[in-house]
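Enquirer: Structure here, sequence nowhere to be found:
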């Protein structure tokens, strides 16, 4: 029996995940706990939205997404999030992470400049940063999956739609 013959297209979930991250940021529900303490994220510098029907893509660069009316207009028009950059901030460190769909993946990471002097120490430091980034990705994805499969999803959608309508 071939398990992949009736494969369902669930790629819409990739865009929903990025839209969810953007929505959580706008609604102020963007604080999470990791093994190394709490962290929060904010939308940062770059977002790409697209219309799946017309295949039109809009790339937006901004230092302040809270006052960027183009994002609100695009979301009201039914555009989906194709690429999203976030800045993750923890107690002592921050990372810039860019996610992209089709397929969902991390396409760019900007970690703090290494303070180590020896090459071996720099490699270990980078490996620890990568471990932290993958843990953050896992936490964000797990939070999305948990909310997407419960009634919390409908509450989130209602709140985010109200936010967008009033922006």
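Expert: Nice, thanks for sending it over. Note that the structure is predicted; figures quoted are calculated from it, not measured.

Enquirer: switch to C-alpha atoms for all contacts and neighbour counts from now on
Expert: Fine.

Enquirer: excluding its backbone neighbours, what's nearest residue 85?
Expert: Spatial nearest neighbour of residue 85, excluding adjacent residues (CA to CA, 6 or more residues apart in numbering): residue 98 at 4.1 Å.

Enquirer: Where does residue 131 sit: helix, strand or coil?
Expert: Recorded secondary structure, residue 131: helix (DSSP: H, G, I helix; E, B strand; the rest coil).

Enquirer: Check the one 4 residues further on too.
Expert: Taking three-state DSSP as the rule, one finds residue 135 in the helix state.

Enquirer: just residue 150 next, same as before
Expert: Relying on three-state DSSP, one would call residue 150 coil.

Enquirer: what about it, neighbour count?
Expert: Number of residues near residue 150 (other CA atoms under 10 Å) recorded here: 10.

Enquirer: taking the mean pLDDT, what do you get for stretch 57-75?
Expert: Taken as a whole, stretch 57-75 has a mean pLDDT of 85.

Enquirer: ok, and for that stretch, which residues are buried?
Expert: 58, 65, 71-72, 74-75 (16 or more other CA atoms under 10 Å).

Enquirer: Kindly check the end-to-end length of it for me.
Expert: Terminal residues of stretch 57-75 lie 12 Å apart, using CA to CA, to the nearest Å.

Enquirer: what does stretch 87-94 give?
Expert: With CA to CA, one end of stretch 87-94 sits 7 Å from the other.

Enquirer: Check the offset of that stretch from the chain's centre.
Expert: Stretch 87-94 has its C-alpha centroid displaced from the chain centroid by 15 Å (CA atoms, centre = their mean, to the nearest Å).

Enquirer: now do stretch 154-167
Expert: The answer for stretch 154-167 is 18 Å, by CA atoms, centre = their mean.

Enquirer: mean confidence for it?
Expert: Stretch 154-167 comes out at a mean pLDDT of 92.

Enquirer: Please list all residues in contact with residue 31.
Expert: 38-41 (CA atoms under 8 Å, 6 or more residues apart in numbering).

Enquirer: Understood, closing this out.
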